[in-house]
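[1] Could you work out the structure for the sequence below:
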Amino acid sequence: MTGLAAAVRLQELASGNQEAENAFPPYATWELWESRDRLGGVLQTEHAEGFLIERSADNFLNQIPAAYRLAERVGFADQLIAPNTGNRRASVVRDGKLHPVPDGFMLMAPSAIAPMWRTKLLSWEAKLRMAGELLVEPRSKEIDDESLASFAIRRFGREAFERLIQPLIGGIYTADPWKLSLRATLPRFLDMEREHGSLLRAIALNRSNGHASAGQSGARYNQFLAPRHGMSSWIQAIAAKLPREQIKLQRSVTRIERVNHEWHVWHHGAEHPAIFDALIITAPAAKTAELLAKVSPALSTELRGIPYAGSSVVSVGYRRDQFARPPEGFGLVVPAVEGRRIIAVSHSSNKFPGRAPDDSVLLRVFVGGALQPELANLPDDELLRITEDELRELYGLQGSPRVMLVARWERAMPQYHLGHVERVARIEALTAKLPGLALAGAAYRGVGIPQCCAEGERAAELLGLGIRV
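    Have a look, this model is predicted:
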């Protein structure tokens, strides 16, 4: 998606849509090179037995407008739909039972007291400890970052972290919370502590002033959007707006060199390099490091320092009558302390229309991540067995699925560990020393679709010359 967003912006600039400081000359050309035989990267939709199955992301948060603006510019915005209005909630597993996330709880902090007192997810001791966050002294302002686990336990206590905060964060980043940088992932919470001394105090002040805050409103489902007919339909709509002859599929780059202010790029099977004035590289950090190893060893070293985690997504479709306890709400997350073999379950057919036949349910089960990496690499039949065992315990499931699909994403999720913000700053400084080069993608400033779209457009505008991607 990063590369496609860059290509759309390049096409706009080359066509005279000059909504940027750097205008392209009329002779500027570009090419989009994709190593696979299709566009879209990890975004891919499958159709089977009346089910619409996403192999990776199935929606995006419209808090950052770049993705929606891209959809508008390619004539696709009318195909974006919001989640179903009924039963908009998620659950957390405790002792094998499902409990709803307290109303008003958003990732780290509550915005309403009553739902926290009523929840059965936490003991009374944990609830009192959370309320005591008002009395917790803030850390020194000289300390600019902290791991998510350290911050959450320091502010709200260990039980709230283990039973509520960790599973919610784990469902997004599939990361080790003791390594995850709060500054790189959820910087607003650090700022709230620094500005107000307490997250609860900051939320209360924002609410009294009529402003929303990072922790004010629970899961903002009205801000999520998904393509009516799946992510692949969006990719096709983007591709249809680009000149077909400038899109090169199965063009896997094997080497890059900088020669006399030009970029020489070899692809698999090529005897001679293609020569470009400028490059935007949107590959994962490790691949980018490999390609730039001779161009800038220092930049390559920094890129290799960005770790990745993998996971598998097991999508299963069942008849509704196979569940003793039908899936309610939009899904569930599983705390690591539960010792289960899954990270989360998304109730896809509850979230969006058209994902399953009327008499059926589509679930997507996430396995692996940074805390259980060995599980993601199990054979398909073992992953299905784990999925069925877990769903049987959680939902009273009986029988076999009507449809099953395993999507494996090995080393696909960049991990924003402590020091990530500083690393990205060093990467930017080293990249700036190489005229005509821009790096973009999920490895740097955000893993979501909107962040990737913004990254691609930013890279296209930064170069501001005749560009080929």
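[2] Give the next helix or strand downstream of the helix or strand of the chain with the lowest mean pLDDT.
    Least confident element among the helices and strands of the chain, by mean pLDDT, DSSP states H and E: strand 105-106 (a mean of 84). Using DSSP states H and E, the helix or strand that follows strand 105-106 in sequence is strand 109-110.
[3] Which parts of the stretch 101-250 of the chain are strands?
    Counting by DSSP state E, counting those that start in this stretch, the stretch 101-250 of the chain has strands at residues 105-106, 109-110, 224-227, 247-248.
[4] among those, which is nearest S348?
    Among the strands of the stretch 101-250 of the chain, strand 224-227 comes nearest to S348, with 9.6 Å by C-beta to C-beta. C-beta coordinates here come from the backbone N, C-alpha and C atoms, glycine included.
[5] Which other helices and strands does that closest one contact?
    strand 60-61, strand 80-81 (3 or more C-beta pairs under 8 Å, 6 or more residues apart in numbering; DSSP states H and E).
[6] can you rerun that using 7 Å?
    Identification of packing neighbours for strand 224-227 by 3 or more C-beta pairs under 7 Å, 6 or more residues apart in numbering; DSSP states H and E yields strand 80-81.
[7] Could you list the paired strands of the strand it packs on along with their orientation?
    strand 224-227 (antiparallel) (DSSP bridges).
[8] which outside residues touch the strand it pairs with?
    Residues outside strand 224-227 that contact it (C-beta atoms under 7 Å, 6 or more residues apart in numbering) are 58-62, 68, 79-83, 233-234, 352.
[9] can you give me the helices for the stretch 251-400 of the chain?
    285-291, 297-304, 348-351, 373-376, 380-395 (DSSP state H, counting those that start in this stretch).
[10] farthest pair in the contacts of strand 224-227?
    Using C-beta to C-beta, the two most remote members of the contacts of strand 224-227 are L61 and S233, lying 19.4 Å apart.
[11] Settle it for me: which of the two has more neighbours?
    Between L61 and S233, L61 has the larger neighbour count (other C-beta atoms under 10 Å), namely 17 against 14.
[12] how near is the more buried one to S198?
    As judged by C-beta to C-beta, to the nearest Å, L61 and S198 stand 26 Å apart.
[13] Could you pull up the residues touching the closest residue to R201 other than its chain neighbours?
    Counting by C-beta to C-beta, 6 or more residues apart in numbering, L134 is the residue found nearest to R201 once chain neighbours are left out, at 6.2 Å. For L134, the contacting residues are S198, L200, R201, by C-beta under 7 Å, 6+ apart.
[14] Now, of the residues you listed, which are buried?
    Buried by 16 or more other C-beta atoms under 10 Å: S198, L200, out of the contacts of L134.
[15] Can I get the contacts of L134 in JSON lines including pLDDT and distance to E34?
    Listed next are the contacts of L134 as JSON lines, based on pLDDT from 0 to 100; distance: C-beta to C-beta, whole Å:
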{"residue": "S198", "pLDDT": "94", "distance to E34": "48"}
{"residue": "L200", "pLDDT": "93", "distance to E34": "48"}
{"residue": "R201", "pLDDT": "93", "distance to E34": "49"}
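[16] quick one: which of the contacts of L134 is nearest to K120?
    L200 (21.4 Å).
[17] picking up where we left off before, mind checking the helices of the stretch 251-400 of the chain for the one nearest to A460?
    When those are ranked by distance to A460, counting by C-beta to C-beta, first place goes to helix 285-291 at 17.0 Å.
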